[in-house]
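*Asks:* Using only what follows, build the 3D model:
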Amino acid sequence: MPPLTGSIQIGFAGLGNLGMPMARHLVDQGWPVVVHDVVPDRMHECAGNGATVADTALDLARCQLVALAVPDDDAVADTLERRGVLDALKPGSVVVVHSTVLPGTVQRLAARAAEAGIEFIDAPVSGGAERAREGTLTLMAGGTDAAVGAAQVYLDAVASTVVHVGPAGSGAVAKLANQLMMFASLAGAYEALDIAAAHGVGAAEVLGAVRTSTGDSWVARHWGFFDDVAHAYDASQVPVGKRPWSKDLQEVVTVAEAADVAAPLAHLLAQGLAQRVEAHAARTADRDQA
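*Replies:* Residues are numbered from 1 along each chain as shown. Below you'll find the predicted structure:
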């Protein structure tokens with residue numbers, strides 16, 4: 001299949017915390033973008049920035065490439081299967097799933113797509129809403145060489161770092177590995193700062209010292225990032241169970257158990273980190289309002 005070009009129409013489903021800034025960046029770069037979301041106000045906001053609204057998810061199937069940034073496995077399957085997008089796409093089309101989902105979901109859908117002559121890539125991203133708006137995300141691609149090559153111009157448009165990690169499902173695995181490493185670091189930072197505070201040393205002082213020490217991490221250098229994300233989810237009324245510190249950690253446990261890999265840390269984080277993130281974010285919101 002020849003590579004797609006920058007003139008093709010992009011169908012984009014899911015305008016949440018990451019999907020909205022990704023879609024708006026594509027519009028800013030001159031791509032013709034057709035958007036769909038279950039929340040009409042989000043579509044209208046994106047239309048105000050130059051996108052075209054698809055009244056139904058099925059309308060996205062007229063595009064040559066359909067990208068999904070919907071919340072979870074059920075939403076991906078609902079869009080592609082129950083709403084008929086996969087059946088309606090023409091052979092030679094490309095599906096790109098940015099959602100953080102289970103590798104088994106990707107592999108099942110990729111097999112269905114292959115039967116219809118459709119290329120399929122799982123392409124979860126990392127970096128947050130600000131980098132999504134700038135097109136500087138890191139993207140972990142899973143799919144055949146032909147699929148990734150065909151979609152390269154699109155992948156390069158939404159991410160400054162594109163890593164092809166293996167066949168379909170590999171992107172999902174890499175993203176869940178990233179999430180476990182990140183949330184383990186976050187849990188350690190919460191606990192370390194609580195201990196420091198109990199001994200009279202403030203968070204700013206500890207984080208300032210850590211920045212050039214061996215305890216440095218992305219989480220420490222971006223302290224407050226998860227508070228901001230939680231506040232954004234609150235504003236969008238995203239249920240706590242569908243937020244990354246809940247859903248993604250449960251998925252890490254699922255893939256570990258499926259491969260019979262012992263993952264005691266993942267189990268521990270899945271049991272309690274979500275409450276910690278929400279409580280910390282709530283305290284910062286109260287402090288900001290005081």
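*Asks:* Low-confidence regions, the protein specifically.
*Replies:* Low-confidence segments of the chain (pLDDT under 70): 1-3, 5-6, 290.
*Asks:* ok, longest helix in it?
*Replies:* helix 170-198 (DSSP state H).
*Asks:* what's that helix packed up against?
*Replies:* helix 103-115, strand 119-122, strand 137-142, strand 159-166, helix 203-210, helix 218-221, helix 244-258, helix 264-289 (3 or more CB pairs under 8 Å, 6 or more residues apart in numbering; DSSP states H and E). (Each C-beta comes from the backbone N, C-alpha and C, glycine too.)
*Asks:* Take those and write them to TSV, including mean neighbour count and distance to Ala192.
*Replies:* Output for the helices and strands packed on helix 170-198, formatted as TSV (neighbours: other CB atoms under 10 Å; distance: least, CB to CB, whole Å):
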stretch	mean neighbour count	distance to Ala192
helix 103-115	18	32
strand 119-122	28	34
strand 137-142	24	26
strand 159-166	17	29
helix 203-210	15	7
helix 218-221	16	9
helix 244-258	19	18
helix 264-289	15	13
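*Asks:* hang on, the earlier thing: the longest helix of the chain relative to strand 137-142, how many degrees between them?
*Replies:* Computed by axes from the mean of the first three to the mean of the last three CA atoms, to 10 degrees, the angle separating helix 170-198 from strand 137-142 equals 140 degrees.
*Asks:* Helix 170-198 vs helix 103-115, what angle?
*Replies:* Using the same axes, to 10 degrees: helix 170-198 against helix 103-115 is 160 degrees.
*Asks:* Next, the angle helix 264-289 makes with helix 170-198.
*Replies:* 60 degrees.
*Asks:* quick one on the thing from earlier: among the helices and strands packed on helix 170-198, which comes closest to Gly16?
*Replies:* With CB to CB as the criterion, Gly16 lies closest to helix 244-258 of the helices and strands packed on helix 170-198, at 11.4 Å.
*Asks:* picking up where we left off before, can you list the buried residues in the longest helix of the chain?
*Replies:* 170-176, 178-180, 182-184, 186-187, 189-190, 192-193, 196 (16 or more other CB atoms under 10 Å).
*Asks:* Check for me that Val101 belongs to a helix.
*Replies:* No: under DSSP: H, G, I helix; E, B strand; the rest coil, Val101 sits outside any helix and is assigned coil.
*Asks:* give the contact list for the closest residue to it other than its chain neighbours.
*Replies:* Spatial nearest neighbour of Val101, excluding adjacent residues (CB to CB, 6 or more residues apart in numbering): Asp73 at 4.6 Å. By CB atoms under 8 Å, 6 or more residues apart in numbering, the residues touching Asp73 are Ser99, Val101, Leu102, Thr105.
*Asks:* out of those residues, which are buried?
*Replies:* In the contacts of Asp73, burial by neighbour count holds for Ser99, Val101, Leu102, Thr105, counting by 16+ other CB under 10 Å.
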